[in-house]
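Colleague: return atomic coordinates for the entry below.
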Amino acid sequence: GADGGGEGGGGGETRGDKGVGGRWGYDILNRCAGVPESSCHKKEEESIPCEPSEEKLVRTLEVLRVNLLQLQGVDHAAQTFGATVLFHFRMPGGALDEDLMCDLHEKDAEFPKDTGRPGAKWFLQQVDFPTALDYTMQQQKAVQIGSDLDIVVRVRGTFFESMELEDFPVDLQRLTVVIAFNCANEGVVPLRFGGLQNVAHSVNTNTFALANVWYLHPSLVLERAVLELMPGRTYPALNVTAIVERRPNAFLTNAVLPVGVLGLISLSTFLLPYDDTADRMELSITILLTSATYKLFTAASIPEVAYWTLLDRYIISNFLIMTHITINGAVIGYFDSQEAHVVLAILNTFFYVVAHARFAYGYSCARRNNAMVVLKELGFEINDDVFERYHRLTATKKPASARASRWSRAARWLPASTRLSRVTPARLSRASRQCSTTEDRLARPSSGPLAAVSGEPPRSARVHPVEAAPPLPGSAPAEETSRRPPTLRELESRGQGGST
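Modeller: Down below sits the predicted model:
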């Protein structure tokens, strides 16, 4: 699989018919890679003629375009999302290479035992999606265009994503689809991705059915990565990330408002005479039980995670305040004192105000952090006016006609002087980790494919970001217009253009 079908993700068991699989495949690859014969699995009944290769030929795969054609359900409970993505790669000058053209028209390409240099169809069969729970290849082909070989992959599947829900229900999620090739960098036929500076990418927001729940940003973040499945064995990978921001209106209406009203009603028990202990206790216990019942009713819509979210902290704070008020009712009846009645009323009112002020502050910081992440990735400077107008654009769901002109309207309040050079994926990763305070903290991007699967990368599996690849020898320099940052009108055409 990784070097020809024998090991790595999608090895001889799952893809044995598409490469050099099984024990025979280990012999071929180990001997070609110069591994001592004593460490190989030998096949006694036949000898395998294979000479060690003098120099490994590293194939370069340029990324031409990536289109997010459809984004389906985003399930924060199951930590999954569905997506349909189109990838378009190119092997420059591949049509002039006889080795790459040898299996272009074959149905199932096999690893060549004599030359050790497989064709383009064999590379196409090594495509894998490490973070997919299940996926279906809707399109997978290699075609000749002039002197180049183009590879097109269209996949539809359900992918796992370790979502960050500390700021729920004001959270921003990075939904990452990882595409990898089972060609180890230390193997016989290594493969690498080219630079990502001139990649065309778009998001089709018209097919997003959850627009009332999430705001899908019309831009993708691309990042090259190295997938390390075991020490000393790495594989090339490409991370494609879409950014969605939750619309919190439903949770503010159905969870925050009722709990806040119950807490306010609980404070009204101090309006009863201080010596009316029975009525005060009856009202306080009734409100407390109502709050507990409502918490159980809304638990299904709140993500079950091992830490407290912003909404959890708010609900638990109000529940503790109501419990404290119920206990205070008994204390006032025990001491039968007007002074204790007034002091406890002021104290509980103070707790109530602090709890709601803390929630409002956390809500404001989360919104600011979300805006900072998105605007930095779009390449704009950050100021208070930008934050305010950004929130107006993303606050509520609008009809398609209004969404179509959203970014064109934004061009009027973002002057050309605020545009920065296009942000690279490496700079995005560094910028998202710069701030450590509560107010300026950024939402951390996904650490990589294995971190998304397990939540925490194991010791034997790590993802290392890599720098941008140097330009290919003999390639024409990119035009000056391709180096400038995209305008908001271009972002609009990307977001509404879909796969065109």
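Colleague: and the helix or strand residue 235 falls within, what other elements does it pack with?
Modeller: For residue 235, the host element (DSSP states H and E) is strand 233-246. For strand 233-246, the packing partners by 3 or more Cβ pairs under 8 Å, 6 or more residues apart in numbering; DSSP states H and E come out as strand 59-75, strand 80-91, strand 172-181, strand 191-193, strand 214-230, helix 338-378. Backbone N, C-alpha and C define where each C-beta goes, glycine included.
Colleague: out of these, which comes closest to residue 266?
Modeller: helix 338-378 (8.3 Å; Cβ to Cβ).
Colleague: how far off strand 233-246 does that closest one point, in degrees?
Modeller: 120 degrees (axes from the mean of the first three to the mean of the last three Cα atoms, to 10 degrees).
Colleague: let's have the chain start at 57 instead
Modeller: In the new numbering, first residue 57, that becomes helix 394-434.
Colleague: low-confidence bits of the stretch 307-456 of the chain, can you list those?
Modeller: Residue ranges of the stretch 307-456 of the chain with pLDDT under 70: 434-456.
Colleague: picking that back up, which of the helices and strands packed on strand 289-302 sits most buried?
Modeller: strand 228-237 (a mean of 25; mean count of other Cβ atoms under 10 Å).
Colleague: quick one: the strands in the stretch 57-206 of the chain?
Modeller: Assigned by DSSP state E, counting those that start in this stretch, the strands in the stretch 57-206 of the chain fall at 115-131, 136-147, 183-184, 188-201, 204-216.
Colleague: can I get the ones you listed in CSV with mean pLDDT and distance to residue 161?
Modeller: As requested, the strands of the stretch 57-206 of the chain are arranged in CSV below (pLDDT from 0 to 100; distance: least, Cβ to Cβ, whole Å):
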stretch, mean pLDDT, distance to residue 161
strand 115-131, 94, 19
strand 136-147, 96, 16
strand 183-184, 95, 19
strand 188-201, 94, 10
strand 204-216, 96, 13
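Colleague: in JSON lines: those strands, plus distance to residue 400.
Modeller: Formatted as JSON lines, the strands of the stretch 57-206 of the chain follow (distance: least, Cβ to Cβ, whole Å):
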{"stretch": "strand 115-131", "distance to residue 400": "45"}
{"stretch": "strand 136-147", "distance to residue 400": "48"}
{"stretch": "strand 183-184", "distance to residue 400": "64"}
{"stretch": "strand 188-201", "distance to residue 400": "54"}
{"stretch": "strand 204-216", "distance to residue 400": "50"}
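Colleague: for residue 269, find the nearest of the ones you listed.
Modeller: Using Cβ to Cβ, the strands of the stretch 57-206 of the chain put strand 115-131 closest to residue 269, at 7.8 Å.
Colleague: report all helices and strands that the closest one contacts.
Modeller: Strand 115-131 is packed against strand 136-147, strand 204-216, strand 228-237, strand 247-249, strand 256-259, strand 270-286, strand 289-302, with contacts defined by 3+ Cβ pairs under 8 Å, 6+ apart.
Colleague: what's the closest of the strands of the stretch 57-206 of the chain to residue 163?
Modeller: strand 188-201 (11.8 Å).
Colleague: could you check the angle that closest one makes with strand 115-131?
Modeller: 140 degrees.
Colleague: can you give me the buried ones in strand 188-201?
Modeller: The neighbour-count check on strand 188-201 (16 or more other Cβ atoms under 10 Å) flags 188, 191, 198 as buried.
Colleague: excluding chain neighbours, what is closest to the second one?
Modeller: Spelled out, it's residue 191. residue 213 (2.7 Å; Cβ to Cβ, 6 or more residues apart in numbering).
Colleague: show the contacting residues for that neighbour.
Modeller: 138, 139, 185, 188, 189, 190, 191, 192 (Cβ atoms under 8 Å, 6 or more residues apart in numbering).
Colleague: let's verify the closest residue to residue 423 other than its chain neighbours: helix, strand, or coil?
Modeller: Nearest residue to residue 423, sequence neighbours excluded (Cβ to Cβ, 6+ apart): residue 226, at 5.9 Å. Classification of residue 226 by DSSP: H, G, I helix; E, B strand; the rest coil places it in coil.
Colleague: can you give me the neighbour number for residue 226?
Modeller: Number of residues near residue 226 (other Cβ atoms under 10 Å) recorded here: 23.
Colleague: mind checking the backbone torsions on it?
Modeller: Dihedral angles of residue 226 (phi, psi; degrees, to the nearest 10) stand at phi -120, psi 40.
Colleague: measure the closest residue in space to residue 239 that isn't next to it in sequence to residue 237 for me?
Modeller: Distance criterion Cβ to Cβ, 6+ apart; nearest residue to residue 239, sequence neighbours excluded, is residue 247 at 4.2 Å. Taking Cβ to Cβ, to the nearest Å as the measure, residue 247 and residue 237 are separated by 5 Å.
Colleague: which neighbours do the two have in common?
Modeller: Here residue 247 and residue 237 have 117, 179, 292 as joint contacts, going by Cβ under 8 Å, 6+ apart.
Colleague: isn't the first one up against residue 248?
Modeller: Yes: contact between residue 117 and residue 248 holds when scored by Cβ atoms under 8 Å: they sit 7.1 Å apart.
Colleague: shared neighbours, these two?
Modeller: With Cβ under 8 Å, 6+ apart, residue 117 and residue 248 have common neighbours residue 292.
Colleague: who's residue 201 bridged to?
Modeller: Residue 201 has these beta-bridge partners by DSSP bridges: residue 204.
Colleague: how near is it to residue 149?
Modeller: On the measure of Cβ to Cβ, residue 201 and residue 149 end up 12 Å apart.
Colleague: please apply the same query to residue 322.
Modeller: For residue 322, the distance to residue 149 - Cβ to Cβ - is 75 Å.
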